[in-house]
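**Q** what shape does this take:
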Amino acid sequence: MTEYGRGYGSEPWHPEDPLYGEQGSYGSQAQQPQWGAQQPDAYPQQQYNGGWDGSQTGQVPYDPYDPYGQQQPPVDPYSGASPDYYGTQDAYPPPQPQHLRQQAPQEQQQFQQQFHQQHQQPEPPYADAAVDDWRAEPEPREHEPEPEHSFFAGDADEDDDRPAGRREERRATRDRRCKKNKRRSGRTCLVIAGVFAVGVGTVGYFGYDFYMSHFGSAPDFEGEGSGAVQVNIPDGSYVSDMGLILKREGVIKSADAFTEAAGENKKANSLQGGAYSLRKQMSAAAAIELMLDPKSRNGLTIREGLRSGSVYELIDKKLKLKTGTTKKVAKSQVKNLGLPAWASRSAKLKDPLEGFLYPSTYSVGDDAKPAAVLKQMVARANQVYEKYDLESNARKLKLESPMQLLTVASLTQAEGKYKHDFVKVATVVYNRLKPDNTETYGLLDFDSTVNYARSQSTLDTGSVDDLRNFNDPYNTYKFKGLPPGPIGNPGEEALKSAINPAHGNWYYFVSINPEKTLFAETNEEHERNRRLYEQEREKASE
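**A** Residues are numbered from 1 along each chain as shown. Sure, this is the predicted structure:
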């Protein structure tokens, strides 16, 4: 309902209404008021038709905003309609006063006809549209009461005289919105529940891990285990390293359990590298006890400086083979055992594998083959020699090849009785190899090379004159320079000493006792040291 009781598009009920069109013909088109504009006061100090101010007739003064003289209900701020006027379906204009009906019957009749025609028009297309935006409220329908909440509506359909099609359409719209909201709510609940479950699981996992790492016992098997497994522990391994190897082989459940058990066993300090016969899924404590039992060790240990011929004999004995079996295999399969490219193929070599059967402890089962054991030793030698880069160090020391550096290491190992003397013994070797050597004139004069050539090991190698006549390429009393190849299998300390010798001008040395080795620069000094050596031997024989 618009201002002054007019419906949309209707003509004024009074032709002289100053706010509705121009004065003149009753049939002029009405001018709609502008809602947002400020309207001037249409009736300043004006009496309508004279005498209607109530002073002469006793009637209520005419109110231009209440032409019928009735109290107007509040106007809806969104639609401009009065809820009482549009609140019922069978709404008609309020009755006019008697004097107005008599004064303008034609206008009254015309107004009522236009009013009925207006309200018989179809409703706007947006009347039944669903409003999804929560911020916008739909305008109330004209001639239709505001829908009551479903909780209070009860059986509203029984009293609703609207067309059945519209009722079904509104009900279907409500059902779709409810189902959509339910699906959204369900998905939201599932997402929240999933996030909550992941969070709880993450906190629980890390909490358990923190508790077990700080307060709980390490995972461990129970019992003595079953089956059999061969495990090789490298020399110099720490307890923690042993635990990792045993876990990898399936012997124990965790390295931490092994470390804890070793801490509780006083004898665990004696654990060392080697090959062990153990069982699968043992408790850490049981594994340590078995490793401490000498019977569990079935490895083959090669000591430092041992010659290849002695290594072959140890392999034959370990595998319970006929003596000489492994030596024949080494000779026939030397090209298939993995020697490095720089290994010498000289015909003067007594054994091509000399120097490549690296000293260590190897896992050797009862059913192992000689070739497999030899390959294992050569592979370990290659690993160590690559670590110390024999090729570049040989060039640095002005040697012809890595083979010569390996030969110097074998001489250091054989001549140096004690490891703390190795660096000085290596210096003696390099000094005697110098071209300007006036002490030995380029000869090494080592008994160890003579013993190797004769396949013996003795201090009594004979007189120097006899040795000068011994015709063998390994005889350093007769031939200058280094022998054709190594005279044994040197260990790591001898190798490092050959790479980094001490600084000095020594040409001679003699060990008078296990704690003391005397080094000399001249032969006269060396002879004095030899007399001290003889005295020490006499005391020891008494």
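**Q** surely Arg468 meets Thr476?
**A** No. Counting by CB atoms under 8 Å, Arg468 sits too far from Thr476 to count as a contact (10.9 Å). In this view, the C-beta of every residue, glycine as well, is placed from N, C-alpha and C.
**Q** neighbour count for those two, which is higher?
**A** Thr476 (26 against 13; other CB atoms under 10 Å).
**Q** for the more buried one, give its distance to Gly416.
**A** Distance, Thr476 to Gly416, by CB to CB, to the nearest Å: 16 Å.
**Q** Ser401 too?
**A** For Ser401 relative to Gly416 (CB to CB), the value is 23 Å.
**Q** same check, this time on Ser277
**A** For Ser277, the distance to Gly416 - CB to CB - is 36 Å.
**Q** in terms of neighbours, single out the busier of the two.
**A** Gly416 (24 against 19).
**Q** need the contact list for that one.
**A** With contact set as CB atoms under 8 Å, 6 or more residues apart in numbering, Gly416 has these partners: Phe422, Val425, Ala426, Ala494, Ser497.
**Q** so what pLDDT did Gly7 get?
**A** The model reports Gly7 with a pLDDT of 44.
**Q** next one: the one 10 residues further on
**A** Per-residue confidence at Asp17 stands at 51 (pLDDT).
**Q** and what of the one 5 residues further on?
**A** Confidence at Glu22, expressed as pLDDT, is 45.
**Q** residue ranges with poor pLDDT in the protein?
**A** Residue ranges of the chain with pLDDT under 70: 1-167, 175, 178-187, 189, 198, 200-216, 298.
**Q** so where do the strands sit in it?
**A** Along the chain, counting by DSSP state E, strands occupy 226-233, 274-280, 299-301, 361-363, 508-513, 516-520.
**Q** relative to Arg530, which of those strands is closest?
**A** Of all the strands of the chain, it is strand 508-513 that lies closest to Arg530, at 5.8 Å by CB to CB.
**Q** sorry, back to before: and the contacts of Gly416 as TSV, adding distance to Ser392?
**A** Putting those into TSV (distance: CB to CB, whole Å) gives the following:
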residue	distance to Ser392
Phe422	21
Val425	23
Ala426	18
Ala494	19
Ser497	17
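**Q** would you mind splitting this structure into its domains for me?
**A** Domain assignment for the chain, taken from automatic domain parsing, gives 1-22+49-106, 226-297, 301-387, 398-541.
**Q** can I get these in a markdown table with distance to Ala218?
**A** Below are the domains of the chain laid out as a markdown table (distance: least, CB to CB, whole Å):
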| stretch | distance to Ala218 |
| --- | --- |
| domain 1-22+49-106 | 74 |
| domain 226-297 | 4 |
| domain 301-387 | 26 |
| domain 398-541 | 34 |
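**Q** looking at the ones you listed, which is closest to Phe196?
**A** Phe196 lies closest, by CB to CB, to one member of these: domain 226-297, at 32.4 Å.
**Q** quick one: end-to-end length of the closest one, please.
**A** End-to-end distance of domain 226-297 (CA to CA, to the nearest Å): 17 Å.
**Q** now swap in stretch 328-347 and tell me
**A** The straight-line separation of the ends of stretch 328-347 (CA to CA) is 17 Å.
**Q** mind listing what's buried in it?
**A** Buried residues in stretch 328-347, counted by 16 or more other CB atoms under 10 Å: Val329, Ala330, Val334, Leu337, Leu339, Ala343, Ser344.
**Q** quick one: contacts of that stretch?
**A** Contacts of stretch 328-347 (CB under 8 Å, 6+ apart): 308, 312, 351-353, 356, 370-371, 374-375, 378-379, 382, 385, 390-391, 401-403, 484-485.
**Q** which phi and psi values does Glu304 adopt?
**A** Note on Glu304: backbone dihedrals following degrees, to the nearest 10 are phi -70, psi 140.
**Q** count of neighbours near it?
**A** Glu304 sits with 17 neighbouring residues when counted by other CB under 10 Å.
**Q** circling back to that earlier point, of the contacts of stretch 328-347, just the buried ones, ChimeraX syntax please.
**A** The following ChimeraX line selects those of those that are buried, judged by 16+ other CB under 10 Å:
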select :308,312,351,352,353,356,370,374,378,382,385,390,391,402,403,484,485
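**Q** sitting in helices, which of the contacts of stretch 328-347 do you find?
**A** Residues of the contacts of stretch 328-347 located in helices (DSSP state H): 308, 312, 370-371, 374-375, 378-379, 382, 385, 390-391, 402-403.
**Q** how far away is the closest residue to Ser410 other than its chain neighbours from Lys331?
**A** Excluding its sequence neighbours, the residue lying closest to Ser410 (CB to CB, 6 or more residues apart in numbering) is Pro486, at 3.7 Å. According to CB to CB, Pro486 and Lys331 sit 17 Å apart.
**Q** do Lys350 as well
**A** Distance of Lys350 to Lys331, given as CB to CB: 11 Å.
**Q** and if you look at Ala268?
**A** Ala268 is 43 Å from Lys331, where distance means CB to CB.
**Q** kindly report the same for Ala228.
**A** Plainly put, Ala228 is 34 Å away from Lys331 if you go by CB to CB.
**Q** kindly report the same for Asn393.
**A** 30 Å.
**Q** same check on Tyr474?
**A** Tyr474 is 18 Å from Lys331, by CB to CB.
**Q** ok, Ser463 - contacts?
**A** Ser463 makes contact with no residue under the criterion CB under 8 Å, 6+ apart.
**Q** swap in Glu289?
**A** Asn265.
**Q** now do 10 Å
**A** Contacts of Glu289 were listed using CB atoms under 10 Å, 6 or more residues apart in numbering, and they are Glu224, Ala261, Asn265, Lys267, Ala268, Met282, Ser283, Ser296.
**Q** and the residue lying closest to Glu521 once chain neighbours are set aside, how many neighbours?
**A** Closest residue in space to Glu521, ignoring its immediate chain neighbours: Asn505 at 4.8 Å, by CB to CB, 6+ apart. The tally of other residues near Asn505 (other CB under 10 Å) stands at 12.
**Q** not counting its neighbours along the chain, what's nearest Leu306?
**A** Nearest to Leu306 is Asn489, by CB to CB, 6+ apart, at 5.7 Å.
**Q** what about Ile315, neighbour count?
**A** Neighbour count for Ile315, taken as other CB under 10 Å: 25.
**Q** mind listing what it touches?
**A** The contact partners of Ile315, by CB under 10 Å, 6+ apart, come to 300, 302, 321, 325-327, 329-330, 357, 362, 364, 368-370, 373-374, 377.
**Q** by neighbours, which of the contacts of Glu289 wins?
**A** The residue in the contacts of Glu289 with the most neighbours, by other CB under 10 Å, is Met282 (27 neighbours).
**Q** ok, the nearest residue to that residue once chain neighbours are set aside - how many residues close by?
**A** Counting by CB to CB, 6+ apart, Met282 lies nearest to Gly225, which is 3.4 Å off, once chain neighbours are set aside. A total of 20 residues lie near Gly225 under the criterion other CB under 10 Å.
**Q** ok, now the one 5 residues further on?
**A** Residues near Gln230, counting by other CB under 10 Å, number 15.
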